[in-house]
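Chemist: okay, sequence plus prediction incoming.
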Amino acid sequence: MKIIKSPQQITPFGGLTFVYQFLDQKQVGQLMNSYLCDLPNQSKYTWKDIIYSLWAIPFCGGDCIEDLSINLKNYIQNIPYFSVPSSDSVLKRLKELAKPQRTLVSKYSGKTHDFGINMALNKLNIKLIKKIGGLDNKSIILDYDNTIITTEKSDSRMSYIRQKGYCPGVGIIGDKIVYVENRNGNSDAQTYQEKTVNRMFKLLKSEGIIIDVFRADSASYQLQVIEAAKKYANKLYIKARIDQTVAEAINNINEWMPVKINNEELLMGSTTYTPFHRSRSLRKKDIPLSSYRLVVMKVPRKDGQVNLFTNEAFLYKAIITNDYEMSDIEVFNFYNQRGAAEKEFDVLKNDFAWNCLPFSNLNENTVYMIFTAMCRNVFSSVIKLFSIGNKLLQPNFRIKKFIFRFVILPSKWLVRGRQNVLNIYCSLPDI
């Protein structure tokens with residue numbers, strides 16, 4: 001095999017230029033420079049340079065911050081829209097945006113719970129989403145969920161899966177991440193969730209985002225969380241935990257309708273009930289309780305074991321809602337659509353480096369998680385826009401396929417007539 005060496009500096013990531021052209025057209029760099037704190041006069045790089053360089057890592061297939069200096073800088077530093085600092089410079093600036101973590105002590109158990117809360121960056125994320133588009137102001141559905149990020153950081157604690165890590169809570173509207181609040185591994189999803197949900201709703205309302213529907217799993221089946229959700233959302237759909245109160249409500253259902261889902265025979269029914277009597281008594285406040293609709297799906301147990309509360313050999317799944325218009329099956333189908341939101345955790349962890357947190361502290365990693373969530377939002381808008389008229393792309397592609405089919409594009413920057421010209425070595429008719 002004969003090898004010919006060429007001194008020409010050709011970048012394999014020519015398609016990345018079009019991503020940053022889109023960001024500059026939307027004035028995202030100006031937003032970063034104007035919103036974030038002032039940098040020293042002697043600083044060589046702006047916030048635009050810092051954030052654009054950070055986002056280049058997942059857009060080029062990297063999975064950790066060190067990839068910027070080791071693998072990518074030589075190939076992306078000629079893109080005219082920003083300058084590329086070192087990985088250390090990026091980390092140094094991100095640290096400056098960290099807020100002190102908040103520690104709460106449970107009045108029941110005495111355990112401490114650490115929270116990474118950065119409302120300023122979450123607000124910046126909302127402003128970014130408005131810049132790049134993606135939120136429809138009609139019938140906005142907000143999904144909330146938590147996930148476990150296993151990591152051996154110096155301050156990470158043991159989670160309920162018996163591994164050290166963090167347990168961030170995330171608010172999702174469609175395919176946009178609208179809120180990120182980190183918490184330590186020992187603080188599960190239901191711990192002080194009403195405070196997290198209140199902060200999330202208040203931020204969205206302050207930015208003019210009115211929530212029509214709130215959906216969440218059984219960790220949100222709490223009196224305080226539901227009270228908070230009712231203040232800001234018109235309708236709520238929350239998975240109920242099968243406790244004694246719910247079981248008694250199930251026993252009051254007289255009519256069960258047989259349905260067939262995925263070739264499985266099920267029974268569905270609904271009733272109205274008033275939950276959280278015990279929670280109200282523990283709060284020692286005479287708060288009027290509201291009634292809700294309880295929609296229940298049950299399936300016979302194969303082992304024949306009888307439920308202690310209902311005295312039936314069934315497995316149950318129940319949804320609590322204030323929607324009395326949908327049919328029972330429509331309520332379940334609508335609630336199950338939040339599965340698409342749960343898949344965002346896989347995307348954030350594996351495509352946008354949540355599994356490779358760079359810092360040793362919870363509050364600093366919170367900054368990194370919010371900025372990489374912003375990158376996820378940018379990619380969501382970019383893939384939808386670039387897939388229009390481009391047969392190689394589809395709006396539901398993961399970033400890996402987007403990199404293979406669009407970003408990896410051999411090219412070289414030339415200067416002609418005092419203008420930067422991108423010379424693409426490609427036989428494709430259009431990009």
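Modeler: That came through fine.

Chemist: residues in contact with the closest residue in space to Tyr144 that isn't next to it in sequence?
Modeler: Of all residues not flanking Tyr144 in the chain, Ala216 sits nearest, at 4.7 Å (C-beta to C-beta, 6 or more residues apart in numbering). For every residue, glycine as well, the C-beta is placed using N, CA and C. Residues near Ala216 by C-beta atoms under 8 Å, 6 or more residues apart in numbering: Asp143, Tyr144, Asp145, Val225, Ala229, Leu236, Tyr237, Ile238, Lys239, Arg338.

Chemist: give the bridge partners for Ala216, please.
Modeler: Here Ala216 shows beta-bridge partners Tyr144, Ile238, assigned using DSSP bridges.

Chemist: the strands in the stretch 301-431 of the chain, which residues?
Modeler: Remark: strands assigned in the stretch 301-431 of the chain by DSSP state E, counting those that start in this stretch are 314-321, 411-416, 419-424.

Chemist: out of those strands, deepest packed?
Modeler: Mean neighbours per residue, mean count of other C-beta atoms under 10 Å, is largest over those for strand 314-321, with a mean of 20.

Chemist: average model confidence for stretch 347-359?
Modeler: For stretch 347-359, mean pLDDT rounds to 95.

Chemist: same question for stretch 247-263.
Modeler: Stretch 247-263 shows a mean pLDDT of 88.

Chemist: extract the C-alpha set from it and format it as CSV.
Modeler: Output in CSV follows, covering the C-alpha atoms of stretch 247-263 (Å, rounded to 0.1, in the frame of the first residue of the first chain):
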residue,chain,number,x,y,z
ALA,A,247,-57.1,-0.1,48.2
GLU,A,248,-60.3,0.9,49.9
ALA,A,249,-61.2,3.1,46.9
ILE,A,250,-60.5,0.2,44.6
ASN,A,251,-62.9,-1.9,46.6
ASN,A,252,-65.6,0.7,46.0
ILE,A,253,-65.4,0.2,42.2
ASN,A,254,-68.4,-1.8,41.2
GLU,A,255,-68.1,-1.7,37.4
TRP,A,256,-65.0,-3.2,35.8
MET,A,257,-64.6,-3.0,32.0
PRO,A,258,-62.6,-5.7,30.3
VAL,A,259,-59.9,-4.3,27.9
LYS,A,260,-57.2,-5.9,25.8
ILE,A,261,-53.8,-4.3,25.7
ASN,A,262,-50.9,-5.9,23.9
ASN,A,263,-52.8,-9.2,23.8
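
Chemist: quick one on the thing from earlier: from the contacts of Ala216, pick the one nearest Asn118.
Modeler: Checking the contacts of Ala216 against Asn118 by C-beta to C-beta gives Tyr144 as the nearest, at 17.4 Å.

Chemist: helices or strands up against the helix or strand Ser53 falls within?
Modeler: Element membership for Ser53 (DSSP states H and E) is helix 47-59. Other elements packing on helix 47-59 under the criterion 3 or more C-beta pairs under 8 Å, 6 or more residues apart in numbering; DSSP states H and E are helix 16-25, helix 28-35, helix 87-96, helix 362-386.

Chemist: can you name the element that comes right after the third one?
Modeler: Sequence-wise, the next helix or strand beyond helix 87-96 is strand 102-105, with elements assigned using DSSP H and E.

Chemist: quick one: that next one to chain centroid distance?
Modeler: A distance of 23 Å separates the C-alpha centroid of strand 102-105 from that of its chain, computed with C-alpha atoms, centre = their mean, to the nearest Å.

Chemist: let me see the mean pLDDT of it.
Modeler: Computed over strand 102-105, the average pLDDT equals 90.

Chemist: in its sheet, which strands sit next to it, and in what direction?
Modeler: By DSSP bridges, strand 102-105 pairs with strand 112-116 (antiparallel).
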